[in-house]
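1. following is a predicted model, sequence given first.
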Amino acid sequence: MKQGKKEILVVGDRVLIVPDVGEERSGSGLYLPKWALEKESIQAGRIVELGPGIPMPSPNDIEDEPWREKDLSHQDDEMQAQIGDYAIFLRKAAVEVKFEGELYLIVPHAALLLLIREND
């Protein structure tokens, strides 16, 4: 995704989301229950960029033993998410970043719970 002279490149199996801020009803008409918003267990937003889909470990799973054999059996899996999808995801898995004054969330594909796609 380009903004001016800079470009955002999403890495691995992560997606870049523009979050909905403080709304009970999403732009797609989906109602988010008050308990979920209060506890911040789920959040919603529009996907604006995708990584290439290569599975990446969680930063919490990175070990001090880089020589240990890794399970790469899912390396050919295709991501279901597409740019423009409206996503409901686990808030605790998201990383908040600001780029050029805009707020974005970086979310692992595994944290996506639901995708709403408009079919033409």
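-> Structure received. Numbers count the residues shown, from 1 in each chain.
2. can you tell me the element I88 falls in?
-> strand 86-90 (DSSP states H and E).
3. mind giving me the packing neighbours of that strand?
-> Judged by 3 or more C-beta pairs under 8 Å, 6 or more residues apart in numbering; DSSP states H and E, strand 86-90 is in contact with strand 14-19, strand 42-50, strand 102-108, strand 112-116. From N, CA and C alone the C-beta is placed, and that goes for glycine too.
4. reformat these as CSV; add mean pLDDT, mean neighbour count and distance to K5.
-> CSV is the format used below for these (pLDDT from 0 to 100; neighbours: other C-beta atoms under 10 Å; distance: least, C-beta to C-beta, whole Å):
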stretch, mean pLDDT, mean neighbour count, distance to K5
strand 14-19, 95, 22, 18
strand 42-50, 93, 20, 17
strand 102-108, 94, 19, 15
strand 112-116, 94, 15, 31
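5. low-confidence stretches in the protein?
-> 3, 22-40, 58-77 (pLDDT under 70).
6. ramachandran angles for L9?
-> Backbone torsions of L9, given as degrees, to the nearest 10, read phi -120, psi 120.
7. and for it, the neighbour number?
-> Neighbours of L9 under the rule other C-beta atoms under 10 Å: 9.
8. from L50, how far off is it?
-> Distance of L9 to L50, computed by C-beta to C-beta, to the nearest Å: 10 Å.
9. what's the closest non-adjacent residue to L113?
-> Closest residue in space to L113, ignoring its immediate chain neighbours: I88 at 4.8 Å, by C-beta to C-beta, 6 or more residues apart in numbering.
10. for the one you found, which residues make a bridge with it?
-> Judged by DSSP bridges, the bridge partners of I88 are A44, L114.
11. please apply the same query to E7.
-> Counting by DSSP bridges, E7 forms beta bridges with K2.
12. so it makes contact with M1?
-> Yes - taking contacts as C-beta atoms under 8 Å, E7 lies within contact range of M1: 6.8 Å.
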